[in-house]
Structures are given as C-alpha cells and as structure tokens.
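In: Mind looking at a prediction? Sequence and model below.
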Amino acid sequence: MKIKLRDICHGRSGDKGDAANIGLIAFKKEDYELIRREVTAERVKDFFKGICEGEVIRYEMPNINALNFILNNTLGGGGTVSLKLDAQGKTLAPALLKMEIDK
C-alpha cells in the first residue's frame with residue numbers, strides 16, 4: 001500500500017545560501033520509524049532530480065520524530081543572487097510531502 005508523506009507528517013523548508021533545508025516531522029512515533037526507513041537521502045535527491053544538483057545529507061532527530069535534509073547546490077546561488085522562482089526553498093517541503101512511500 002502506498003501513502004503520501006502528507007498523510008503521516010508535516011514539513012518545513014528554508015535555505016542557507018545555496019542549500020535548501022527540509023524538515024519532516026512525523027505526527028506519531030510509529031510513523032517516524034516509517035519515514036526513517038522509507039525517506040532516504042537518495043530518494044529525496046531522486047525526487048528533486050533537476051532541482052538538486054549537489055549532495056543530499058539526512059539528519060535523524062528521533063527525540064522529536066523528525067528527519068532533516070540538506071539539499072546542497074539547489075537554489076541557484078541563494079536568494080540574493082539567484083534568478084530561480086523559489087530561491088529560498090520555501091516550496092520544497094510541500095513538494096516533498098507529495099512523495100509516495102510504502103506503508
């Protein structure tokens with residue numbers, strides 16, 4: 001069975017220069033284990049193919065049932081120099097919440 005991330009967690013995103021930052025926070029502890037297993041750095045990089053040109057790093061925060069992803073070389077240089085429509089990465093978390101995973 002497939003589900004969308006938005007059904008089991010919420011997200012926030014932003015930027016640090018040319019790197020986008022996406023946090024996923026599970027609604028329930030058992031859902032944290034699911035996103036921990038299914039949402040890898042490789043899957044996030046593949047999901048943002050054509051947008052993320054650099055390495056994706058994943059950090060686990062089990063104390064708050066969250067994962068944090070840093071997407072390097074994603075924002076065209078960052079908010080002050082980029083011509084990208086979303087040079088601050090604010091729309092990336094809502095986009096990632098559309099990812100489907102196996103339940």
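Out: Alright, I've got the coordinates. Numbering: from 1, shown residues only.
In: burial measure for residue 54, as a count.
Out: When counting by other C-beta atoms under 10 Å, one arrives at 14 neighbours for residue 54. Using the backbone N, CA and C atoms, a C-beta is placed for each residue, glycine as well.
In: Distance-wise, check it relative to residue 42.
Out: Look at residue 54 and residue 42: by C-beta to C-beta, to the nearest Å, they are 13 Å apart.
In: So which residues make contact with the helix or strand bottoming out on mean pLDDT in the chain?
Out: Across the helices and strands of the chain, mean pLDDT, DSSP states H and E gives its lowest value to strand 9-16, namely a mean of 89. The contact list for strand 9-16, computed with C-beta atoms under 8 Å, 6 or more residues apart in numbering, reads 5, 20-27, 31, 35, 70, 75, 78-79, 87-94, 96-97.
In: Sketch out the low-pLDDT regions of the chain for me.
Out: Counting by pLDDT under 70, the chain shows low-confidence ranges at 76-89.
In: ok, 90 please
Out: 14-19, 51, 74-91, 103 (pLDDT under 90).
In: Tell me who's in contact with the residue with the shortest distance to the centre of the chain.
Out: In the chain, the residue lying closest to the centroid (C-alpha atoms, centre = their mean) is residue 22, at 3.9 Å. Taking C-beta under 8 Å, 6+ apart, we find residue 22 in contact with 11-13, 44, 68-69, 71, 89, 92-93, 96.
In: where exactly do the helices run in this protein?
Out: 29-38, 41-47, 92-96 (DSSP state H).
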